[in-house]
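Chemist: Need the 3D shape of this:
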Amino acid sequence: MVSLLQTGRFVVVRFIARSDITESKNQSSFKNLTKGKICVILNSVKLNNYVNKGKTMGIKERRAREKEQLRQQILSAARELFVNEGYENVSMRKIASKIEYSPTTIYLHFKDKADLLDFVCQETLLNLLNTLEQLKSDISDPVETLRKSGRAYIEFGLKYPQDYKLTFVTRPQFQKGLRLQEGSIGKKVFDYLREIVSECIRQKIFRQVDVETTGQVLWSAVHGVTLLLIDFPDFPWAEKDKLIDAVIHTTIEGLKA
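Modeler: Purely as a prediction, here's the structure:
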């Protein structure tokens, strides 16, 4: 809180709740001001600009925060409905009803249902990428990193089966491919795999194989077993960990020099 006393071109400022102020036109920096102390004489125009700027920034920050909170609320509601009712059975009106807003509000944040699906899937891919990136801190043994990454990928899919299927099964039905454009999260996930394969080749652990093809082979293996375990839980599978290790081991061993 600030109390002012106008005196011509100047004002006396009494800071009641603030403990410092950095600069003014007629005074240099003031630091460590005591609570309740009449502390500095400022040019009135400068002070008004300073106060008004603070108010404007506060309003802008609050609005930006509220906008982001609403956006996340919409995404959470859309994800839940897509997973529980199926993407094709969900409308923008149904999403709006779930969060108790009008459909018009959703269109202020997302252009259509496909756009919503894309952002929901991008969040899933980002979580997957963050999971994998934690394993890449030490790549001195790239084969071990590749093994751990393959298992982490499969375990991620099994832990979030509906989100996984929404991203890798549902989305491609309504959009073109997996959108591996430059800079996209999907491309970053696949680049992660390419990088480890390249390191295995550089260290002469793998034969001189094509990086792109080999990356796709590895992804096909882990993606395939993930989907099979999700979609056919009642199949008489071998013990799960043993099966996962065998898929990863067999795929990697077939690439070694």
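Chemist: before we move on, what SS does the closest residue in space to residue 102 that isn't next to it in sequence have?
Modeler: Nearest non-adjacent residue to residue 102, counting by Cβ to Cβ, 6 or more residues apart in numbering: residue 96, 5.9 Å away. No exception for glycine: its C-beta is placed from N, CA and C like everyone else's. Under DSSP: H, G, I helix; E, B strand; the rest coil, residue 96 falls in the helix class.
Chemist: Residue 96 and residue 114: what is the separation?
Modeler: As judged by Cβ to Cβ, to the nearest Å, residue 96 and residue 114 stand 16 Å apart.
Chemist: Look at those two and report which has more neighbours.
Modeler: residue 96 (18 against 12; other Cβ atoms under 10 Å).
Chemist: Correct me if wrong: the more buried one contacts residue 106.
Modeler: Yes - Residue 96 lies in contact with residue 106 (Cβ atoms under 8 Å); the separation is 5.4 Å.
Chemist: excluding its backbone neighbours, what's nearest residue 188?
Modeler: residue 129 (5.7 Å).
Chemist: How is the one you found classified with respect to secondary structure?
Modeler: Once three-state DSSP is applied, residue 129 turns out helix.
Chemist: ok now do it, which residues does it touch?
Modeler: 185, 188, 189, 192 (Cβ atoms under 8 Å, 6 or more residues apart in numbering).
Chemist: And it, what's its pLDDT?
Modeler: Per-residue pLDDT puts residue 129 at 95.
Chemist: what do you get for the one 5 residues further on?
Modeler: Model confidence at residue 134, expressed as pLDDT, equals 89.
Chemist: quick one, helices of the chain?
Modeler: 44-85, 92-99, 103-107, 113-133, 142-159, 161-165, 171-174, 185-202, 211-231, 240-253 (DSSP state H).
Chemist: now the angle from the last one to helix 211-231?
Modeler: Between the axes of helix 240-253 and helix 211-231, defined by axes from the mean of the first three to the mean of the last three Cα atoms, to 10 degrees, the angle is 170 degrees.
Chemist: and the gap between the closest residue to residue 160 other than its chain neighbours and residue 85?
Modeler: Distance criterion Cβ to Cβ, 6+ apart; nearest residue to residue 160, sequence neighbours excluded, is residue 124 at 7.0 Å. According to Cβ to Cβ, residue 124 stands 18 Å off from residue 85.
Chemist: Many thanks, I have nothing further to ask.
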